[in-house]
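> Whatever this is, show me its structure:
(one chain, ligands or ions: 1)
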Amino acid sequence: MSSKLDALEEQAQTCQACDLGATRTTLVWGSGNPNAQIMFIGEAPGRKEDEGGLPFIGAAGAHLDEFLSLAGFARDDIYIANVLKCRPPNNRDPQPHEIEACEHWLIDQIHQIAPRIIVTLGAFATRWTLGSDTAISAVQGKVFKHDSYFIVPCYHPAAIIYDRTKSDAFFQVARTIAKL
Ligand code: URA
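Predicted coordinates:
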């Protein structure tokens, strides 16, 4: 365990930097291997995550597990965090001021984990990580080299449920990662 990461998580538990601090049930810090070479970044906790305190434990998480097994990984091999640590009411989109208030936690997590690959799940995580407004469909599955890591944008696992083309593209990213 990384004691620095644990200390940060403990500090975050009392965070009230935006209004979501008042409506959350549980702050969802992140989970997985603190020494992971691959880090996944999602959007924000949903209802299940808000109740359970862990990322991707609902329906989208089941798709993520399929993705991981195709890439040859288990949850213990990777680290998962979200752009927002608290659930937006009714799963509405994260607001710019919420992302701004929360992003220092994610920056700390990336520094502590120092992954070789960051997989961004969905538009919000992709835009935040690439620092651009590019549409997810334009970058999905591509590999971007950052200073010390690769960034691989991917559709959000919740987006593939009803769209076969997205589903194929989503699982293709698992193969790209296995090769990387
Ligand atoms: N969707 C996300 O983006 N993150 C979660 O943790 C759960 C659902």
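> near the ligand, which residues of the chain?
Residues of the chain lying close to the ligand by CB under 6 Å from any ligand atom are 42, 43, 44, 45, 46, 49, 55, 56, 60, 82. Where C-beta positions appear, they are placed from N, C-alpha and C, glycine not excepted.
> How confident was the prediction at the closest residue to the ligand within the chain?
Closest residue of the chain to the ligand, CB to the nearest ligand atom: residue 42 (3.0 Å). Looking at residue 42, its pLDDT reads 98.
> what sits opposite it in the beta ladder?
For residue 42, the residues forming beta bridges with it (DSSP bridges) are residue 82.
> check contacts around it.
55, 56, 60, 80, 81, 82, 83, 121, 122, 125, 156 (CB atoms under 8 Å, 6 or more residues apart in numbering).
> Check the gap between the residue nearest in space to the middle of the chain and residue 164 for me.
Nearest residue to the geometric centre of the chain (CA atoms, centre = their mean): residue 41, 1.9 Å. To residue 164, residue 41 is 25 Å away according to CB to CB, to the nearest Å.
> same thing with residue 43?
For residue 43, the distance to residue 164 equals 22 Å [CB to CB].
> Among the two, which residue is more densely surrounded?
residue 43 (24 against 8; other CB atoms under 10 Å).
> pretty sure residue 14 belongs to a helix, no?
No. Counting by DSSP: H, G, I helix; E, B strand; the rest coil, residue 14 is not part of a helix but coil.
> okay, now it: neighbour count?
Count around residue 14 with other CB under 10 Å applied: 8.
> How many residues are close by residue 178?
Residue 178 has 11 neighbours, counted by other CB under 10 Å.
> Just list the residues touching it, thanks.
Residue 178 sits in contact with 70, 71, 72, where contact means CB under 8 Å, 6+ apart.
> Can you tell me which helices and strands the lengthiest helix in the chain packs against?
Counting residues, the longest helix found in the chain (DSSP state H) is helix 96-113. If you count contacts as 3 or more CB pairs under 8 Å, 6 or more residues apart in numbering; DSSP states H and E, helix 96-113 packs onto helix 3-12, strand 38-42, strand 79-82, helix 123-130.
> and stretch 40-58, how far apart are its ends?
In stretch 40-58, first residue to last residue: 16 Å (CA to CA, to the nearest Å).
> what about the protein, any weak spots by pLDDT?
Along the chain, the model assigns pLDDT under 70 to residues 1-2.
> Try it again at 50.
By pLDDT under 50, the low-scoring segments of the chain are 1.
> if we can go back for a sec, just want the angle from whichever helix or strand comes after the longest helix of the chain to helix 96-113.
Sequence order places strand 117-121 as the next helix or strand after helix 96-113, per DSSP states H and E. On the basis of axes from the mean of the first three to the mean of the last three CA atoms, to 10 degrees, strand 117-121 is oriented at 150 degrees to helix 96-113.
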